[in-house]
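Undergrad: structure, please.
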Amino acid sequence: MRHAEKNNKGEKTVRKLSEFLKPATVEETVELLIERPGKRKLLAGGTGVSVTDSQQIDGLIDLTGLELDYIEEAGEQLALGAVATMRQLESSDLLKQYAGGVVAEAAANVGTTPLRNMITLGGSLAQMRVWADLPPVFLAVDAEIVVSGPEGEQSYSAVEFFSKHPTRLLDKSCLIKQVNLDQKLADYRGNYEKFAMTSDAYATVTVTVLAELNDGIVTNPRIAIGSASPFPTRCTAAEEALEGQKFSQELAVKAGKLAREEVKTTDNVWGSASYKSKLIEKLVKRNLLQIAE
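TA: Modelled structure (predicted):
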C-alpha cells in the first residue's frame, strides 16, 4: 500500500491511511507515538499533514481532544496551549497587551485568515520553517517551550529550542505541549515588523524589538531577527550597545548597524543575503524609534 500520492499539482500528500486515532490525554498521545515511531503523524490544524512527503506515515493522531487550545494566565506566566490557532493568538486580549502586542502581531502576519484559523502554535513550532513568524518573537521574549515525551515533560529555553530544527532536537515520540511567556515582560515596549513582498507572502525579514524606557534610558533591550537565516537570531551586541544608554536616533542607527553585522544572512527566493542585511539595519533602527515614541 502506498501512503503518499502526488496530487494534480505534483505535490505529495498523505492519501492512504490505515488508522485515525483520537487520544484523550497528552500521556496517551505520547504512548501512541512510542508504539510506532515515525509511522504516526500528529494532526491539529492539518496544514502540515497536507504537504507531508513521508512514505512511512500510515496513521494520524488527532490532537483536538486534548484541550490544549488555551491562552491563560498561570501565576507569573502566560501559558499558550500548543493547539491554539494563529487566529486565537492574534485575537487574544492577553497577548495584545503583552510586551507591546508582539506575539499577537506576529500571529496576525501568518498567511491568510483561513490559514490562521487552521495553523496551530505547536504545529508551527514543530515545522519551524525559515519564514516562520513566531520563533524570533519567542526568542526575543525568552519563551519556555514545554515538550511531553517518553521521559515525561521537559522544558526548553527559546535559545536552546531554536538553535536547531525540532526534528534534530526532539525524539520522534515527543509532543510540543505549551509555550510559557514571562509576565515580567508584559509591560515592556515592543514592536514586531514583517517585511515581505505582499501582506500574506512569506517573510523576507522579520524584526522584533523590546525594551524598557525609563526617563529615556534603555534597559533590558531585546532584538531578534527572523527569516534572514535558517534559524532566528538574537542580536546581543546591539542589545549591549543599547543597555543603560540615553535613547537617541544616533543610538538606534548604531544598533541597526550592529544587528546587520551579527546576523549571518543567507540567500533564498525571497531575497539575497546582502539585501536582507540592508533590511535588518533599516528595520531595527525604525522599530527602535517606534517603541521610543
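
Undergrad: name the helices or strands packed onto the lengthiest helix in the chain?
TA: In terms of residue count, the longest helix belonging to the chain (DSSP state H) is helix 273-291. In terms of contacts (3 or more Cβ pairs under 8 Å, 6 or more residues apart in numbering; DSSP states H and E), helix 273-291 is packed against strand 189-196, strand 203-214, strand 217-226, helix 249-262. C-beta coordinates here come from the backbone N, C-alpha and C atoms, glycine included.

Undergrad: what's the closest of these to His165?
TA: strand 217-226 (14.4 Å; Cβ to Cβ).

Undergrad: still on that earlier bit, export the helices and strands packed on helix 273-291 as a markdown table, with columns for mean neighbour count and distance to Ser173.
TA: What follows is those, written out as a markdown table (neighbours: other Cβ atoms under 10 Å; distance: least, Cβ to Cβ, whole Å):
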| stretch | mean neighbour count | distance to Ser173 |
| --- | --- | --- |
| strand 189-196 | 22 | 33 |
| strand 203-214 | 24 | 31 |
| strand 217-226 | 23 | 28 |
| helix 249-262 | 19 | 36 |
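
Undergrad: mean pLDDT and distance to Glu72 added to these, as TSV?
TA: Listed next are the helices and strands packed on helix 273-291 as TSV, based on pLDDT from 0 to 100; distance: least, Cβ to Cβ, whole Å:
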stretch	mean pLDDT	distance to Glu72
strand 189-196	97	21
strand 203-214	97	22
strand 217-226	98	24
helix 249-262	98	34
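
Undergrad: I'd like to know which of these lies nearest to Phe161.
TA: Nearest of the helices and strands packed on helix 273-291 to Phe161, taken as Cβ to Cβ: strand 217-226 at 13.2 Å.

Undergrad: dump the closest one to CSV, keeping only the CA atoms.
TA: Taking Å, rounded to 0.1, in the frame of the first residue of the first chain, the C-alpha atoms of strand 217-226 are listed here in CSV:
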residue,chain,number,x,y,z
ILE,A,217,17.2,55.4,29.5
VAL,A,218,17.1,52.0,27.7
THR,A,219,17.2,48.9,29.9
ASN,A,220,16.8,45.2,29.1
PRO,A,221,16.7,45.6,25.3
ARG,A,222,15.9,42.6,23.1
ILE,A,223,16.3,42.3,19.4
ALA,A,224,15.6,39.2,17.4
ILE,A,225,15.7,38.7,13.6
GLY,A,226,13.8,36.0,11.7
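
Undergrad: what does it contact?
TA: Here strand 217-226 makes contact (Cβ atoms under 8 Å, 6 or more residues apart in numbering) with 131-133, 135-137, 139-142, 188, 203, 205-213, 232-235, 238-239, 242-247, 251, 255, 259, 263, 280, 284.

Undergrad: repeat the analysis, applying 7 Å as the threshold.
TA: By Cβ atoms under 7 Å, 6 or more residues apart in numbering, the residues outside strand 217-226 that reach it are 132-133, 135-137, 139-140, 203, 205-212, 232-235, 238-239, 242-247, 259, 263, 280, 284.

Undergrad: starting at the chain centroid, how far to that strand?
TA: Between the centre of strand 217-226 and the centre of its chain there are 18 Å (Cα atoms, centre = their mean, to the nearest Å).

Undergrad: angle of that strand against strand 203-214?
TA: Strand 217-226 and strand 203-214 are oriented at 170 degrees to each other (axes from the mean of the first three to the mean of the last three Cα atoms, to 10 degrees).

Undergrad: what angle do strand 217-226 and strand 189-196 make?
TA: 30 degrees.

Undergrad: quick one: mean pLDDT for the helix or strand that comes right after strand 217-226?
TA: Downstream of strand 217-226, the next assigned helix or strand under DSSP states H and E is strand 233-234. Here strand 233-234 scores 98 as its mean pLDDT.

Undergrad: before we move on, what about stretch 19-38?
TA: 93.

Undergrad: how about it: buried residues?
TA: Pro23, Val26, Thr29, Val30, Leu32, Leu33 (16 or more other Cβ atoms under 10 Å).

Undergrad: of the residues you listed, just say which sits nearest to Gln97.
TA: Nearest to Gln97 out of those is Val26 (Cβ to Cβ; 28.5 Å).

Undergrad: how about the strands in the stretch 1-150 of the chain?
TA: Under the criterion DSSP state E, counting those that start in this stretch, strands of the stretch 1-150 of the chain are mapped to 4-6, 12-14, 19-21, 40-43, 59-62, 71-74, 77-81, 144-149.
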